[in-house]
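Participant: dropping a prediction and its sequence here:
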Amino acid sequence: MKKAVMILMILLSVIGLNKINAQGEAAVPFLLLAPDSRAGGIGESGSGLADNSSAIFWNPAGIAFLSGSEVGVTHSNWLPQFNLDIFYDYLTYRQYIEDISGSVTASVTYMNYGEFVRTGSNDPTPLGTFRSFDAAFTAGYATKLSNDWGLGVNFRLIYSRLSDKPTEAEQGSGTATTISFDVSTMWRPESLYVPFIGEMGNRFSVGVNLSNIGPKIYYIDQAQADPIPQNFRLGFAVRVFEDEFNSLTYTLDFSKLLVDKGVSKTDSGLTGENAEDDTTTVKRKDFYEALFTAWADQSFGEELRDIVTSMGLEYWYGVSGDFMFALRAGYFYEDPSFGNRKFVTLGAGIRYDLYGFDFSYLTTDMFKNGENHPLNNTLRFTLSIGWGGQPQKNIGFPRGI
């Protein structure tokens, strides 16, 4: 199990949940991984765009503006620099149902950490093997509140299997289960006149998503529970150019982790036996408290630096009504004191009739020591099939899907 925990710590540091000189803030960090190739190609900025089935992750309210059905599957070999046999799969489905005036959605997220050899604490002799993985099943609903406003909700079951049994001295087990939910909204006005710019109806959207709201997860006992990565995301998308065959869309996302960081025993004023280990934290606030307190548990300047920024450009060229292709580029920035992830993304996609294929590439080569960063050269591949939808004006696609 120790190797499984080591991989989890690598994943935590790569995702940015381990702050410099601080403890890891949340468990099951796979829930924050950008799951699809399209958003992956535009700097992992999808909460304002959110116009395909992967909106289940980015902003489920975006699906309220879609009709028809769609399935999608994404695969990525994760952390390629480590050669650790880690891979990530993401399966999505959405279905518009007229009788309920909205769409039902579902997704499966699976992060495989590979196979490990179990040994004794003081004896390297192999005792067997086991596989480690994290998984989540999400079901949701999205509907329009009006022509301009969408609402989306998700419910999620989370299962984490670091080991099939605890190590010799541990209580509990190497597995854990919890639940969470998401609440989101999107404003995509049919008519919007902006002075000096003109009419922006169906060319602009704003999305807000509160995701992974739920109780802590624990493997050993409830006293050692850790929060799951509760997250706030605000996104914008604007169609900056469009003609008969071409369109160019700009996206911008801001996100912030909303978990309680805990208070050390020394900082809390505890002394004597209660202060033997200054690195041990007093009980963290519950998720419903952290939703509010996580905005002000640091100085104002640190709170601003704790916000992750990502942006991207997506260009579509539609040769005909049945065939289109896209080029994408994006940038992701995290403050050096709060994770220090900086990377550029590139991507492309094609749509032919019902079918779509997208891929994205992540590079850190242009940044200091970027060529050694574990995220460098990450590739994602997505296949999607959509059918039965009515043509409509979407932000991202030239003539809707």
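Facilitator: All right, it came through fine. Numbers count the residues shown, from 1 in each chain.
Participant: low pLDDT regions in this protein?
Facilitator: 1-24, 119-127, 165-172, 262-283, 320-321, 368-372, 391-393, 397-401 (pLDDT under 70).
Participant: can you list the domains in it?
Facilitator: 2-259+303-387, 261-293 (automatic domain parsing).
Participant: so which of those domains is nearest Gly396?
Facilitator: Closest to Gly396 of the domains of the chain is domain 2-259+303-387 (Cβ to Cβ; 5.0 Å). Quick note: C-beta positions are derived from backbone N, CA and C, even for glycine.
Participant: please compute how far the closest one lies from its chain's middle.
Facilitator: Here domain 2-259+303-387 is found 2 Å from its chain centre; the criterion is Cα atoms, centre = their mean, to the nearest Å.
Participant: wait, Trp149 sits on Met186?
Facilitator: Yes. Trp149 is within contact range of Met186, at 7.2 Å (criterion: Cβ atoms under 8 Å).
Participant: the more surrounded of those two?
Facilitator: A count of neighbours by other Cβ atoms under 10 Å puts Met186 above the other of Trp149 and Met186, at 33 against 16.
Participant: doesn't the more buried one belong to a strand?
Facilitator: Yes. Assignment of Met186 by DSSP: H, G, I helix; E, B strand; the rest coil places it within a strand.
Participant: got the contact list for it?
Facilitator: With contact set as Cβ atoms under 8 Å, 6 or more residues apart in numbering, Met186 has these partners: 48, 50, 59, 61-62, 64-65, 149-150, 152, 205-208.
Participant: the nearest residue to Trp58 once chain neighbours are set aside: neighbour count?
Facilitator: Distance criterion Cβ to Cβ, 6 or more residues apart in numbering; nearest residue to Trp58, sequence neighbours excluded, is Gly46 at 3.6 Å. Neighbourhood size, Gly46 [other Cβ under 10 Å]: 32.
Participant: ok, Gly46 to Trp149 distance?
Facilitator: 19 Å (Cβ to Cβ, to the nearest Å).
Participant: quick one: residues contacting the residue nearest to Trp58.
Facilitator: Counting by Cβ under 8 Å, 6+ apart, Gly46 has contacts 34, 36, 38-39, 54-55, 57-59, 235, 251, 253.
Participant: same check on Phe87?
Facilitator: Contacts of Phe87 by Cβ under 8 Å, 6+ apart are 75-78, 111-112.
Participant: that older thread, of the contacts of Gly46, closest to Ile217?
Facilitator: Checking these one by one against Ile217 (Cβ to Cβ), the nearest turns out to be Phe57, at 19.1 Å.
Participant: which residue packs closest to that closest one, ignoring adjacent ones?
Facilitator: Phe57's closest residue in space is Pro35 (Cβ to Cβ, 6+ apart), at 5.2 Å.
Participant: then Arg161?
Facilitator: Thr175 (4.8 Å).
Participant: residues contacting the one you found?
Facilitator: Per Cβ under 8 Å, 6+ apart, neighbours of Thr175: 159-164, 219.
Participant: redo these as TSV? Include distance to Ile97 and secondary structure.
Facilitator: What follows is the contacts of Thr175, written out as TSV (distance: Cβ to Cβ, whole Å; DSSP: H, G, I helix; E, B strand; the rest coil):
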residue	distance to Ile97	secondary structure
Tyr159	28	strand
Ser160	32	strand
Arg161	34	strand
Leu162	38	coil
Ser163	41	coil
Asp164	40	coil
Tyr219	39	coil
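Participant: compare those residues and tell me which is most surrounded.
Facilitator: Leu162 (24 neighbours).
Participant: and the gap between it and Ala27?
Facilitator: 10 Å.
Participant: what ranges does the chain have for its helices?
Facilitator: 2-15, 37-41, 55-58, 287-293, 300-305 (DSSP state H).
Participant: send the alpha carbons of the fourth one over as CSV?
Facilitator: Same thing as helix 287-293. Taking C-alpha atoms only, helix 287-293 is exported to CSV below (Å, rounded to 0.1, in the frame of the first residue of the first chain):
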residue,chain,number,x,y,z
PHE,A,287,-17.6,20.8,3.8
TYR,A,288,-20.7,23.1,4.4
GLU,A,289,-18.6,25.4,6.6
ALA,A,290,-15.6,25.4,4.2
LEU,A,291,-17.9,26.6,1.4
PHE,A,292,-17.9,29.9,3.1
THR,A,293,-14.7,30.0,5.3
